[in-house]
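In: need a 3D model of the sequence below.
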Amino acid sequence: MKDSIDRAKIVRANLEAISRGRSPSPETVGVWLREFQPIKTDKLDDIIRQARTEHSERVEMGKAWGHITPDDVLRVHRRLRRKLGPTNEPPENPDCPHGCQSGRVSVRDGKGYEYCVRCSCSAGDWWKSQRTFGQAPSVDVCLSRPGWSLIGSTRKVIPQTHQEWIDKRAQDVGIGAALSEYSRWKTARGG
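Out: Down below sits the predicted model:
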């Protein structure tokens, strides 16, 4: 939840900066957030700023016009990724239904033994090429066996009704404000 709020604040601040302080519409912020899903939150502001700088330089040379677009930012992101080379770390999936940690989850069999297995989400797919987890069954296969259960999911999934409220409220006040209101409400409830 906090990660989503931080991402929305970063995008909103950069959009306000390129439009001379005018607040962007919630739809615009939503589009930018959706486009930037592959970019990690801790890198997002730096990459957007780099794209803004490069765009303004191209405008001065007469090779571009208008404001930057999500495509400009994604171009900078791709270039930086190519420069750094392929990462040898499994990806994170913040939307994983099993709450995996870098594509791995802990399960308990019917006898009480605990195992670390590959998740069935996109982050778990990274482990398919690894010798350790590649041939082992995924969490979905394990959970389909009688007596097997997931051990302590670390991520909390908000109830569908809460997500619907956030989505509806975001149409009125923007995603950042809606997430902020929801966060304050959860804190006041002690949850």
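
In: now do the helices in this structure.
Out: Ranges of helices in the chain, per DSSP state H, are 2-18, 26-35, 41-60, 70-84, 122-125, 131-134, 139-143, 160-173, 175-189.

In: so, low pLDDT: which residues of the protein?
Out: 1, 84-88, 132, 153-158, 190-191 (pLDDT under 70).

In: nearest to residue 105, out of the helices of the chain?
Out: Residue 105 lies closest to helix 139-143 among the helices of the chain, at 4.9 Å (CB to CB). Heads up, the C-betas are built off the backbone N, CA and C, glycines and all.

In: what separates the closest one from the chain centre, distance-wise?
Out: Taking CA atoms, centre = their mean, to the nearest Å, the mean C-alpha location of helix 139-143 is offset from the chain mean by 24 Å.

In: stretch 51-61 too?
Out: Using CA atoms, centre = their mean, the offset of stretch 51-61 from its chain centre is 27 Å.

In: number the chain from 29, please
Out: Sure, I'll start counting at 29 from here, so that last one is stretch 79-89.

In: please name the nearest non-neighbouring residue to residue 73.
Out: Nearest non-adjacent residue to residue 73, counting by CB to CB, 6 or more residues apart in numbering: residue 38, 4.8 Å away.

In: do I have it right that the one you found meets residue 71?
Out: No - with contact defined as CB atoms under 8 Å, residue 38 does not reach residue 71; the gap is 10.2 Å.

In: between those two, which is the more surrounded one?
Out: Legend: neighbour count by other CB atoms under 10 Å for residue 38 and residue 71, higher for residue 38 (22 against 14).

In: domains of this protein?
Out: Per automatic domain parsing, the structural domains of the chain span 30-112, 132-178, 188-217.
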